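*Asks:* Quick one: sequence and predicted model below, then my questions.
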Amino acid sequence: MTGIIKSEPFVINIGPQHPSTHGVFRIKATVDGEKVIDAEMVMGYLHRSMEKLAEERTYTQNIPFTDRTDYLSSMSNNLGYCLAVEKLAGIEVPPRGNAIRVIMAELQRLASHCMAIGAFANDTGAWQTPVMWAFREREKILDIFEVTSGARLTCNYMRIGGVAFDLRPEFEPMVRRILRDFPPFLDEMEGLLSGNEIFIARTRGVGVLTPEMATNASLSGPMLRGSGIAWDIRKADPYCGYEQYDFDIPIGYNGDSYDRFIVRLEEMRQSLKIIQQALDGLPGGPFRTEVPLALRPPKGEAYARIESPRGELGYYLVSDEGPSPYRFHIRPPSFINLSALKEMTVGGTVADAIVVLGSIDIVVGEIDR
Amino acid sequence: MTPFLVSDKWYDIRDLGNLSREILEAADRILPFGVVYVLAALIGFVASFLLFVLPSQLIVGVYGERRIIGRMQSRLGPNRVGPFGLLQPIADAIKLIQKEALTPTRADRAVMYIAPIIFVMPAVLLWAVIPFGENMVIADIPVSLMYFLAVSSLPVIATFMAGWSANNKYSLFGAMRIVSMAISYESPLVLALLGAVVMTGTISLSGMVAWADEFNIWMVFVQPLALVIYFICVSAELNRTPVDIAEAESEIVAGYLTEYSGMKWGLFYGMDIGYALAASGFAATVFLGGWTFFGLEQWVPGWLIFIAKTHLFYFLFIWTRGTLPRLRADQLMAFAWKFLLPLGVFNLLIVSTERMLWSEQDYAKGLIYVFALVNIILSVALVYAWARFNGYRPERTPTRPRLVKQAGGYIPVGERS
């Protein structure tokens, strides 16, 4: 009897079927008691080979694929892809098309951030209430999408040269209702979570990303802004006429999970501001440039990037003058953001790892493509 | 002795204690020695189960909790089965009975089977000492508070057995967490209740109700801090959501219940609510004056008042469950040892001093109101002072991020943009 209890670290699989992995994603965590001493990410459970499939289809046929990469923000993905094709083929979008695109992309940001903050609160253990409240508001936005495009989740609404359909007469009152209902909801969320002692205890100082780490890992979106770096593609490299709208970039203080949460909340406020401006100044005229169905862009390559709800979403296209892209590549923000997971989780507890994963706001469809 | 068990007053249906006593005394005259004790146990079991635990737990517990949580989450809650969805708990139970109770291949089968059974028994036994009304207590033993505390710490063993036997790492996490948590939270819980015991000078639950009735004041006013400590500790012991680290759905899947299914799981689930109700009933008895309500018990059956108070307290559990995020295991332990335990000791010190002063004043009735006022003020001051002493400052959290107009690089905190 030496009086020493022998203990050894053991491996625990968080996922692929786990309530908090937001899809089929797996962390192989080596834990010593509650403490995580090593974490390995395992992904690929949802791989559908989209980039290769896209090389076999025409440019227009590829738009529904982009819906299914990041299924929580299909509008943004449509937009990113269409921008890349337009850049490749040199197509101009009429002002009304651009304004509709901006409204849709910002509504999509609201819907996606609803999901993000709701799921994040769920990961900290607030049993279902925040996520249900967030879903209540998200439903209203999905209703707008349904009215406009016919689909709620995979909208397939953007087209090369504009959007698929013009807005319906119900659209404007519905968006005005969102503009009216959303600020009270955000205040409600803030009251429920932002000032909650338990929430602060769980998220403050958890998963801290220094600005150096964030830039070295080439993170983007709320992850980067949470670390105090003012970077937003809508400001830095405006597209769709974002330079006309007046909005601010929210940035965090310490780069912890809490900062990412409040940055997302504030981004929703800024999105509302943009929607308000875009809706008030909605121009008339055509909503789409007519583009041949079998589009054959000139030889060359193009990279278009947008600020998706998760960060910099880039589409890289190479054309060989054929009807389908020679190379189709996506820069998925969640995939790149996820690369900092190990640095953030090792040294914390299992419970912290879940919170950190929630704060990244991953969509596995986008990671695996 | 009158042959009628129910006397002439309408509300005397509450006289269950006399009823069972009459039956037992009659039986004792004809039956051989000892049989009457078995009968007493059976009557106690059946009476407690039928009268309160079963209907209340199934209908009000499950249904009410799901319904209220549903409203809090802006959903409807169960509303399909039966009128207003009232039969939902029964439908759930039927579904659970039909389901297969899986046992993993490498699990410790015997222990895994026994664990839910061990979990159920204390939940029923707890009701034996809780007075529903005047004389309406199944076993009015003089040490009922001790009995309650002793029996209520039994389920921890069952949950540990459940977590250990399933041979699953998540279950093991849950089991380890619940054991460490039970050890941490048992001590402040007892200290908090000790305050009430010192004040009333009895550890009989009926005695505590009688005390509240005599001095016309509820223990919650005399011992507000004790109630707060009790509530936090008991929700930790019961695995209710703000502190449900042993089940922690988002972290360790379902903790010790991960491998359970079918009615084996159903017993855990149902009895969780049973324990919560028993703890609420206990709190209603000790802190809220039990079946008395400042004389209203003359007009309304005491057991109705008691049930109302129980569910009022139970609502607090539902409310916190629907609102608060979960603490981390280490934060929870730190909270128990660094915060609740010292506060419990301070509280005990204060209440002992008061009791001494009170006995010198010959237990003057008016003095207890002074104590109540003093204690309410002292409790707030104590919590505040101890939090400051521990270095806790409610930080002026910037709940809104900084806003910048232009994209650029890193902006250090404090620098104007």
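*Replies:* Yep, it's here.
*Asks:* neighbours of B:P142, just the number please.
*Replies:* 13 (other CB atoms under 10 Å in any protein chain shown). To be clear about C-beta, it is placed using only N, CA and C from the backbone, and glycine gets the same treatment.
*Asks:* Who are the contact partners of it?
*Replies:* Listed by CB atoms under 8 Å, 6 or more residues apart in numbering or on different chains, the contact set of B:P142 reads B:203-204, B:207.
*Asks:* Spatially nearest residue to the residue of the stretch 1-150 of chain A found nearest chain B, not counting backbone neighbours?
*Replies:* Here the stretch 1-150 of chain A gets closest to chain B at one residue, A:G125, 2.5 Å apart by CB to the nearest CB. Take A:G125 and drop its neighbours on the chain: the residue closest to it by CB to CB, 6 or more residues apart in numbering or on different chains is B:R326, 2.5 Å away.
*Asks:* Quick check: that neighbour touching B:I245?
*Replies:* Yes. Contact criterion CB atoms under 8 Å: B:R326 and B:I245 qualify, at 6.6 Å.
*Asks:* Identify the contacts common to the two.
*Replies:* A:A351.
*Asks:* picking that back up, return the member of the contacts of B:P142 nearest to chain A.
*Replies:* Once CB to the nearest CB is applied, the member of the contacts of B:P142 that ends up nearest chain A is B:I203, at 33.9 Å.
*Asks:* what's the spacing between A:A302 and B:R71?
*Replies:* Counting by CB to CB, to the nearest Å, the gap from A:A302 to B:R71 is 52 Å.
*Asks:* Which of those two has more residues huddled nearby?
*Replies:* A:A302 (19 against 12).
*Asks:* List the contacts of A:Y316.
*Replies:* With CB under 8 Å, 6+ apart, A:Y316 has these contacts: A:84, A:301-303, A:327-331.
*Asks:* Could you do B:V35 as well?
*Replies:* B:V35 touches B:A27, counting by CB under 8 Å, 6+ apart.
*Asks:* neighbours around the residue in chain B that chain A sits nearest to, how many?
*Replies:* Using CB to the nearest CB, the closest approach of chain B to chain A is made by B:R326 at 2.5 Å. Residues lying near B:R326 (other CB under 10 Å) number 26.
*Asks:* Strands of the stretch 51-200 of chain A, start to end?
*Replies:* In the stretch 51-200 of chain A, the strands defined using DSSP state E, counting those that start in this stretch lie at A:158-159, A:162-163.
*Asks:* which one of those strands lies closest to chain B?
*Replies:* strand A:158-159 (24.3 Å).
*Asks:* what does the stretch 151-300 of chain B have sitting close to chain A?
*Replies:* Taking CB under 8 Å from any CB of the partner chain, the part of the stretch 151-300 of chain B that reaches chain A is made up of B:169-170, B:173, B:241-242, B:244-245, B:248-253.
*Asks:* Show me which of these is closest to A:A119.
*Replies:* B:S250 (9.4 Å; CB to CB).
*Asks:* does the closest residue to that closest one other than its chain neighbours sit in a helix, a strand or a coil?
*Replies:* Once flanking residues are discounted, B:S250 sits nearest to A:S20: 4.5 Å by CB to CB, 6+ apart. Assigned with DSSP: H, G, I helix; E, B strand; the rest coil, A:S20 falls in the coil class.
*Asks:* Next, count neighbours for A:S20.
*Replies:* A:S20 has 22 nearby residues by other CB under 10 Å.
*Asks:* And for A:K28?
*Replies:* 14.
*Asks:* Quick check, it in contact with A:V36.
*Replies:* No. Judged on CB under 8 Å, A:K28 makes no contact with A:V36 at a distance of 10.7 Å.
*Asks:* ok, back up a step: a markdown table for the strands of the stretch 51-200 of chain A, including distance to chain B, mean neighbour count and mean pLDDT?
*Replies:* Below are the strands of the stretch 51-200 of chain A laid out as a markdown table (distance: least, CB to the nearest CB, whole Å; neighbours: other CB atoms under 10 Å in any protein chain shown; pLDDT from 0 to 100):
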| stretch | distance to chain B | mean neighbour count | mean pLDDT |
| --- | --- | --- | --- |
| strand A:158-159 | 24 | 25 | 88 |
| strand A:162-163 | 27 | 26 | 86 |
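*Asks:* The ones you listed: which one's closest to A:N254?
*Replies:* Closest among the strands of the stretch 51-200 of chain A, using CB to CB: strand A:158-159, at 36.9 Å.
*Asks:* Cross the residues of the stretch 151-300 of chain B next to chain A against helices and list the overlap.
*Replies:* Per DSSP state H, helices hold the following members of these: B:169-170, B:173, B:249-252.
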